[in-house]
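*Asks:* Test case, fold it:
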Amino acid sequence: MPLASVNGYSMYYADCGQGTTIIFIHPPVLTSLNFLYQMNTLSQDFRTVSFDIRGHGSSEPSREEITYPLIVEDIRQLMNQLKIEKAFLCGYSTGGSIVLDFLLNCPERALGGIVISGMSEVKDNKLKKKIAQARFLSQIGAVGVIALSTSWNQAKTKLPLLRTMFYDAKKANAQNAEQYYHYSLQYNCTDLLEKIYHPVLLVYGEEDTLFHPYAKLLQERLPKSELVCIQKAKHQIPTNAAGKVNELIRQFIYCCESS
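*Replies:* Numbers count the residues shown, from 1 in each chain. Below you'll find the model as predicted:
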């Protein structure tokens, strides 16, 4: 199990392949395993790096409060240790918000961004309620309930992956998961999006209607964005529409490199 000492704590990471680097960022409770299909496939053409955020999966719990700036700094230091000068950042759901925060605060270390089912803020009541419910379950220590629900939605038709994802997700530190959920409710970088000069690929599910307003908002505000909706896909794109999203990422990076 590869571990790195980052900011004084032990971080689990996976590092596969060679070439242009893609770093993957997961949402609360889920882990780097959420990008298993991306790591396995895209590592044939690129260097792919995934990691468990503090207090998630096999990474050590954090004594500091989990915030996006803290995660961004951890990514930057992991890049230093792995001798990665620049990378594409790919985030899923709230991980997409961290991609945007990285592009805003460490632009010199980024080649571009890939936001999958993500947002620059949480502004509708339905999504606020979903995140608030998960935060409450974390507060009372019921991480196992979240782990089962999220793992089921990600991999219900793939039983071996479902078992592994659930085992990995239920290891989350309840306090750190609650902090991650809490920060995602407060975060808002919408007014800063026009300052992001990197190319950004936006990928959403055609049936993920709750997130369509966020997709439209990002497309309108980001100066260099491309929006793609995957047909018959819902929110859980990395696992349930892996083939399509992998090809989109591959073509996006090739296009960026040739321009």
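
*Asks:* Just give me the neighbour total for A142.
*Replies:* Look at A142: counted by other C-beta atoms under 10 Å, it has 13 neighbours. Quick note: C-beta positions are derived from backbone N, CA and C, even for glycine.

*Asks:* residues in contact with the closest residue to it other than its chain neighbours?
*Replies:* Nearest in space to A142, with sequence neighbours left out and distances taken as C-beta to C-beta, 6 or more residues apart in numbering, is A174 at 8.0 Å. A174 makes contact with 138-139, 141-143 under the criterion C-beta atoms under 8 Å, 6 or more residues apart in numbering.

*Asks:* Nearest to L82 among these?
*Replies:* Within the contacts of A174, proximity to L82 (C-beta to C-beta) peaks at V143, which comes in at 29.0 Å.

*Asks:* Would you mind measuring from that closest one to P27?
*Replies:* V143 sits 14 Å away from P27, going by C-beta to C-beta, to the nearest Å.

*Asks:* With K216 instead?
*Replies:* On the measure of C-beta to C-beta, K216 and P27 end up 21 Å apart.

*Asks:* higher neighbour count, those two?
*Replies:* Using other C-beta under 10 Å as the criterion, K216 and P27 rank with P27 on top: 25 against 13.

*Asks:* So the more buried one sits against G95, correct?
*Replies:* Yes - taking contacts as C-beta atoms under 8 Å, P27 lies within contact range of G95: 5.3 Å.

*Asks:* for W152, what are its contacts?
*Replies:* 162, 166.

*Asks:* So it: helix, strand or coil?
*Replies:* helix (DSSP: H, G, I helix; E, B strand; the rest coil).

*Asks:* Against N240, how distant is it?
*Replies:* 12 Å.

*Asks:* Now do M1, the pLDDT please.
*Replies:* Turning to M1, the model gives it a pLDDT of 66.
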